[in-house]
Structures are given as C-alpha cells and as structure tokens.
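Colleague: generate coordinates for the sequence data below:
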Amino acid sequence: MQNESMTVAEHHLDNTSHLARRVTDRVSAMIAYWDSDLICRFANSSYLEWFGKTSDEMIDKITLPELLGPLYDKNLPYITAVLAGSPQTFERDIPLPDGTIRHSLANYFPDIVEGETRGFFVHVADISVQKQVEYRLMQSTELIYAQNEQLVNFANIVTHNLRSYSGNLASLLDFFQLAGDQEEKDEIFKYLQGLSKAFSDTVANLTELVAVPNLGKRNLEQVDLLKTVENAISSIAMQIRSCKAQVSVAVDPDLRLVTNPAYFESIVLNLLTNALKYRRADRLPLIEISAFAEQDEVYLSVKDNGLGMDLDRDGHRLFRMNNTFHGNSDAKGLGLFITKTQIESLGGRIHVESRVNDGSTFSIVFPSKPTDL
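Modeller: Numbers count the residues shown, from 1 in each chain. I've put the predicted structure just below:
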C-alpha cells in the first residue's frame, strides 16, 4: 500500500508540474528560477524565446553570467541583494539575438527555506510598448511646454514693443498740436511717416510669426542688421529727440544674420529704449550701437552713458521677470527678461558690463546660421 500511495503522490506531483509548465508557458512575461549557484533550474517559453535558447541548452546547464554576458555586471548588485534575502525591482534594456532592444521591468524574489536563500524567482515583463507611449507623451509634453513658452513670448513682444510705438505716437501728436508753424508741422509729419512705416514692418513680422506652427523658431530669414537698427531708431525718433540723445551706429551695411526678424527687431528696440529710459538727468544721453561678424558668429553691442547698476549686488536679478532697479514709474521689469528669452531662443547669449553712474554695455552673440532651431 505504501508503494502504491507513493506512486499516486508522484503522479499527482508530475501532473502539478506539467500544469505549472503549461500555465507559465502561456504567460507573456519571462519567468525563471536560478539557484544559489546561479544555475538555471526553470525557464518558461517566453524566457527561452527572449534569449534565443532551447530548454535543453538552458535548464540545469547555463549559468546566469553566461546568459547575460555584459549585462551580468549591471545586474550583479540586484543578484547579490536577492540572494541576501531582499526582493529587487528594476528596469533594464535587454538586447535580443536579432539585434533589437526591449525595455523590461525585472523582479527578483528570494526563495527562502528555513532561513536560507536557496535561489530566486525571476519575473521580467516586456514594457517596450509602455516605454514608447511614455516617450511620445514626454515629447508631447515638451512640445506643449515649448509652444506655451513661445505664445507667452509672442504676447510679451506685442505688449512691450507696441507700447513703445503708442507712446511715441502720443508724443508726436502732442508736438504736432503745439507746433508753431507749418515748417515744424512738416518735420513732425515726417517723423509720423517714419513711425508708421516701422509700425507696419513690425506688424508684418508679427503676422508672419503667428502663421508659423512653431512660433519664432522656424520663421528664419536673412536679416539686414543696419536696416533693423535704423528702423528701431526711427520708431522712437521722437523720444530720442525729446531727450536730446545722440545715437551713433557702426554697422556694416553688408552685415546679415539668419534669424527671426520679429525677435531680432524686438531685441534691438528693447535695448535702445532701455538705454533711453535709464539715462542720467545731468548729462545728454549717448548711445553707441555696433555690430560685426567674426567666424560663425555675429556680435551686437548697445552701449550707453546712463545710470548703470551695481552688478555685484543686482546682477543675479537683472534678467528676471518683474525686477526693476531705478524706481522708474513706467518700468515693468519685463524688457530685459523678454530680451534674454528671445536671444536664447535664437541660440544666442547676452553679457552685461555696467558701473553705477557710468552706463552699461549689453553685448550679444548670435550664431550667424542657427542649425538647431
């Protein structure tokens, strides 16, 4: 009876083992068992297929270092930890025999019997699809963030730059009404015509900017630097005249820059109005604008003899939003923030030199032909 009973038990165990094999072979995840000597004692069909092995090649023969190759050293900390009795979970990119890469989520569970770790169970799930979805989601998030940033930048251009035009227009109209004779009116009318043309150019650039899917980054054109500087000066000519400022320009008529015209115009205009706004009351404003090309870069400089600032104290806040430094009632703390954002979006960089009561110099460097915008 005892032998017969053992036979039934063995038959039941064999059926259970066969059923376990059938179940695990129909699971898409990789399931395996490695003993404490790192010899494979079990591997389901997904595990064998993943590594391109047969059951005869794998079971009771292959070791984990032989199977994993270069991956073994990467997985060794997790192997050591699970054999010490601690479950492990980690992600890993696994190369397949056909040369492709699969993203996986691995779980190691210790097999502890009477306080001794005899080996560990392995469960590895293919998360390649989830990773692809995650990657596309990350790309979409980055695109939305970039578009939102560009929309904010566009709104800032409109509000900040058009404010300069509206202020200059109001001043010109006031001067026109106070003009003493026709000759003076004719002169002011010429300023109005120049302002109108500069305003039309700005609107045209902004219209083109809105029409492009990626605001600002793909709308690249060859820009005439001297013409852009002259348009900026013309657009605030009345402000320059009213404060008796002298503006000198040293820009090669042939100098060109591949950039976004609306952004570049905004940068020049912001720096020019900034120099006027922060002038000293005890001296006539002097503004020097220069530009030159060197190798694959274009350098633009705007220098003034105005109030200047203490860069040791305030330099770290200079380009932050809503930061003002001289108590001007019309200062919004946006101009330099917008300028730096636009410069960096075009692949450029900006540097400032300044001393209190001794003026400031804003130096900008652009790549002459941006490649990654």
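
Colleague: Thr117 contacts Gly85, doesn't it?
Modeller: Yes - judged on C-beta atoms under 8 Å, Thr117 makes contact with Gly85 at a distance of 5.3 Å. C-beta: built from backbone N, CA, C; applies to glycine.

Colleague: next, show the common contact partners of those two.
Modeller: Counting by C-beta atoms under 8 Å, 6 or more residues apart in numbering, the common neighbours of Thr117 and Gly85 are Pro110.

Colleague: any idea how far Leu225 lies from Lys340?
Modeller: From Leu225 across to Lys340, the span is 19 Å (C-beta to C-beta, to the nearest Å).

Colleague: correction: the previous question concerned Ala250.
Modeller: 24 Å.

Colleague: that's a helix at Glu353, yeah?
Modeller: No - assessed with DSSP: H, G, I helix; E, B strand; the rest coil, Glu353 is strand; it does not lie in a helix.

Colleague: so Leu225 and Lys340 - more neighbours on which side?
Modeller: More crowded of Leu225 and Lys340, by other C-beta atoms under 10 Å: Leu225, with 25 against 20.

Colleague: list the contacts of the strand or helix carrying Tyr108.
Modeller: For Tyr108, the host element (DSSP states H and E) is strand 101-113. Outside of strand 101-113, the residues within contact range by C-beta under 8 Å, 6+ apart are 30, 33, 50, 75, 78-79, 81-96, 117-128, 130-131.

Colleague: check stretch 114-133 too.
Modeller: Counting by C-beta under 8 Å, 6+ apart, 28-36, 41, 47, 50, 79, 82-85, 91, 102-112 sit against stretch 114-133.

Colleague: so Gly194 makes contact with Ser234?
Modeller: Yes - applying C-beta under 8 Å as the test, Gly194 and Ser234 come out as touching, 4.2 Å apart.

Colleague: what's downstream of the strand holding Tyr108, the next helix or strand?
Modeller: Next along from strand 101-113, by DSSP H and E: strand 116-126.

Colleague: just give the nearest non-adjacent residue to Phe176, would you?
Modeller: Closest residue to Phe176 apart from its sequence neighbours, by C-beta to C-beta, 6 or more residues apart in numbering: Ile188 at 4.8 Å.

Colleague: isn't the one you found up against Ser171?
Modeller: No - the pair Ile188 / Ser171 is not scored as a contact, 9.8 Å apart, by C-beta under 8 Å.

Colleague: next, give phi and psi for Val365.
Modeller: phi -120, psi 130 (degrees, to the nearest 10).

Colleague: and it, what's its pLDDT?
Modeller: If you check Val365, the pLDDT there is 95.

Colleague: just confirm it contacts Arg349, I think it does.
Modeller: Yes - the criterion here is C-beta under 8 Å, and Val365 meets it with Arg349 at 5.4 Å.

Colleague: ok, which stretches of the stretch 251-373 of the chain are helices?
Modeller: With DSSP state H, counting those that start in this stretch as the criterion, the stretch 251-373 of the chain has helices at 261-277, 311-314, 335-345.

Colleague: tell me which element the closest residue to Glu265 other than its chain neighbours falls in.
Modeller: Nearest residue to Glu265, sequence neighbours excluded (C-beta to C-beta, 6+ apart): Thr228, at 5.6 Å. Using DSSP H and E, Thr228 falls within helix 225-235.

Colleague: could you give the mean pLDDT of that helix?
Modeller: 90.

Colleague: now stretch 255-271
Modeller: Here the average pLDDT along stretch 255-271 is 89.

Colleague: so how far is it from its chain's centroid?
Modeller: Centre-to-centre, stretch 255-271 and its host chain are 21 Å apart (C-alpha atoms, centre = their mean, to the nearest Å).

Colleague: try stretch 304-312
Modeller: 31 Å.

Colleague: check which residues of it are buried.
Modeller: Across stretch 304-312, burial judged by 16 or more other C-beta atoms under 10 Å covers Asp304, Asn305, Gly306, Leu307, Gly308, Met309.

Colleague: bridging residues for Ser290?
Modeller: Ala250, Ser301 (DSSP bridges).

Colleague: cool, Glu221 as well?
Modeller: Thr259.

Colleague: what does the pLDDT read for it?
Modeller: 87.

Colleague: again with Leu346
Modeller: 85.

Colleague: was I right to think it contacts Tyr263?
Modeller: Yes - at 5.9 Å, Leu346 counts as touching Tyr263 under the criterion of C-beta under 8 Å.

Colleague: which one of the two is surrounded by more residues?
Modeller: More crowded of Leu346 and Tyr263, by other C-beta under 10 Å: Tyr263, with 28 against 22.

Colleague: tell me how far that one lies from Asn270.
Modeller: Distance from Tyr263 to Asn270, by C-beta to C-beta: 11 Å.

Colleague: same question for Pro95.
Modeller: On the measure of C-beta to C-beta, Pro95 and Asn270 end up 52 Å apart.
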